[in-house]
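Undergrad: Here is a sequence with its predicted model. Questions after.
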Amino acid sequence: MKNTTIQNLVLKYFTEICRIPHTTGNEKALATYVATQLEKFGAKVQIDKVGNVYAIKQGNLKVASVCLQAHLDMVGVKTPESHHDFSKDPIKYYEENGWIKARDTTLGADNGIGIAMILAAFANGADTHGQLEAIFTIQEETTTYGAKHLPKGIIKSKYFINLDNEHDASVVVGSCFSNEFIGNVKIIRTTSSSDTCNMIIKLGGGHSGHSGNDIHKKIININVELFNMLKTLRTKYEFSILDVKTGSVTNSIPGECSVIIHTKHKIISNIKKTLLIQTNLLKETLPSYNKIMLTVESTFSKLKPLKLSDSDKLIHLVCAANNGLNRYNFERSVTELSTNLAIIKLQDATASIVWFQRSQTNYFLDEINNKLISLFALASGEWKIQNRDIGLKDNGDNILTRNISQIAMKKFNHKMDIIQVHGAIEIAEIMKNNTSVIPAAIGPNIVYPHTTNECVEIKSIMYIYALLQELLKSLK
């Protein structure tokens, strides 16, 4: 990054954050760094028993008290070619056309930029803010474990500003309900005959995206499309699946998938031709799909193929389930219901499929879960629902959101809409035990979080931080 840019305090701290590995479950080093910095700024700091960081710093008594909040963990996704080790390697990033991007991995702007803004705010003199609190939570990206284990009534401030929004023209007042759905079916593996071989089919080049905020953007789910191709292929030729490789995180729309199949030598060329035709048809459906790539190669595997009926059952389950955008509210410009088929995993005797489900209401979340329950009941399978998170009901604007919108327009001539998002930000979990606090969420423009295409706009970072500074010194 250019030296002139890195002098900015927020970007200085973001640079240091990128040097510290902090994917979900590995936040301890970053928590220690954050706590150390906050103590340097005169804050009283504690790290609780689960790993959350809490800080409080005294300030100007004429200004309202504010609690700032961000999460410590990031989603770790990398390209198939990358050798990055998220447990020890720093994030390598660069600046391009006013945006910060990572090389072959997620960037971690979600929520590293939020952390950096809070550190910068605490670094300022006490006369620039009222009493200032900060909460940094762990495992927001998976279970919201940190938020769920915060002490009741921990927040003493009048206002609560979450810095995990990803659009600088909006103030978030509502978030979605969500859960993971895991469906399992038993499988039997069989022996292969001498006139057969294994082929690996790879479908890649999908753009990927956030499984909530990007689910309405016609981003292709590569898992689903490859299995749709296998379903068409299976109507013509006999083959059985040996193994499936998909993404490893549930909150990202998958952009790569590979399947190893077992079939007869004599039909290999026909299989390749059929798959190529299907790929070309898919690429013609939308211009954004033209980067999709298919490779089909012979391969060796020690695994035994699934019994034909079990292989077919797996294909049917993937193809029959809902995926993507299910319901959209055009009046409010928000996705109301979605599902993301994220992971398919084969073990010796079990095939598992994992979906991430989101809804703006509990009722519709139950509805979409029930559809998958019925599907697995028909397939004589088993299922479980886990990591269920509550949403924040949109009660319209409040005194904080009005102040944010008014200051944005008056000081920066920047219009900010008050919205509800299709993301499971942890405000709802935190507010459950801090009911007297007035909440809102803001943040800079971050596109395609949870993917290797993630990037954050530098101009937007500067704006949101300047807005935050104005809020901290003027809220009453």
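TA: Nice, I can see it.
Undergrad: Determine the number of other residues adjacent to Lys186.
TA: 13 (other C-beta atoms under 10 Å). (Glycine included, C-beta is placed from N, CA and C.)
Undergrad: Kindly report the same for Ala169.
TA: 13.
Undergrad: residue ranges with poor pLDDT in the stretch 301-450 of the chain?
TA: In the predicted model, the stretch 301-450 of the chain carries pLDDT under 70 at residues 395.
Undergrad: Which stretches in it count as strands?
TA: 324-329, 334-346, 350-359, 382-389, 417-420, 438-441, 446-447 (DSSP state E, counting those that start in this stretch).
Undergrad: Show me what the longest one is packed up against.
TA: Packed against strand 334-346 by the contact rule (3 or more C-beta pairs under 8 Å, 6 or more residues apart in numbering; DSSP states H and E) you find helix 222-234, strand 239-245, helix 308-320, strand 324-329, strand 350-359, helix 362-378.
Undergrad: Out of the ones you listed, flag the one nearest Gly51.
TA: strand 350-359 (23.6 Å; C-beta to C-beta).
Undergrad: Pull out the buried residues from the closest one.
TA: Within strand 350-359, the residues scored as buried using 16 or more other C-beta atoms under 10 Å are Ala351, Ser352, Ile353, Val354, Trp355, Phe356, Gln357, Arg358, Ser359.
Undergrad: Check stretch 81-91 too.
TA: Neighbour counts over stretch 81-91 (16+ other C-beta under 10 Å) mark His84, Phe86, Ile91 as buried.
Undergrad: Same check on stretch 20-32?
TA: Ile20, Pro21, His22, Thr23, Thr24, Gly25, Asn26, Glu27, Leu30, Ala31.
Undergrad: From these, which land in helices?
TA: Of the buried residues of stretch 20-32, the ones assigned to helices by DSSP state H are Leu30, Ala31.
Undergrad: hang on, the earlier thing: which one of the buried residues of stretch 81-91 is nearest to Gly205?
TA: His84 (19.7 Å).
Undergrad: Touching, that closest one and Gly108? I think so.
TA: No: the pair His84 and Gly108 fails to qualify as a contact (C-beta atoms under 8 Å) at a distance of 11.9 Å.
Undergrad: so what sits against both of these two?
TA: Common neighbours of His84 and Gly108, counting by C-beta atoms under 8 Å, 6 or more residues apart in numbering, are absent.
Undergrad: still on that earlier bit, need the helices and strands packed on strand 334-346 in TSV (columns: distance to Val259).
TA: Converted to TSV, these look like this (distance: least, C-beta to C-beta, whole Å):
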stretch	distance to Val259
helix 222-234	6
strand 239-245	5
helix 308-320	10
strand 324-329	20
strand 350-359	12
helix 362-378	20
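Undergrad: Kindly provide the distance from the residue located most distally from the centre of the chain to Ser269.
TA: Residue farthest from the centre of the chain, counting by C-alpha atoms, centre = their mean, is Ser194 at 44.9 Å. According to C-beta to C-beta, to the nearest Å, Ser194 and Ser269 sit 19 Å apart.
Undergrad: residues touching the residue farthest from the centre of the chain, list them.
TA: Contacts of Ser194 by C-beta under 8 Å, 6+ apart: none found.
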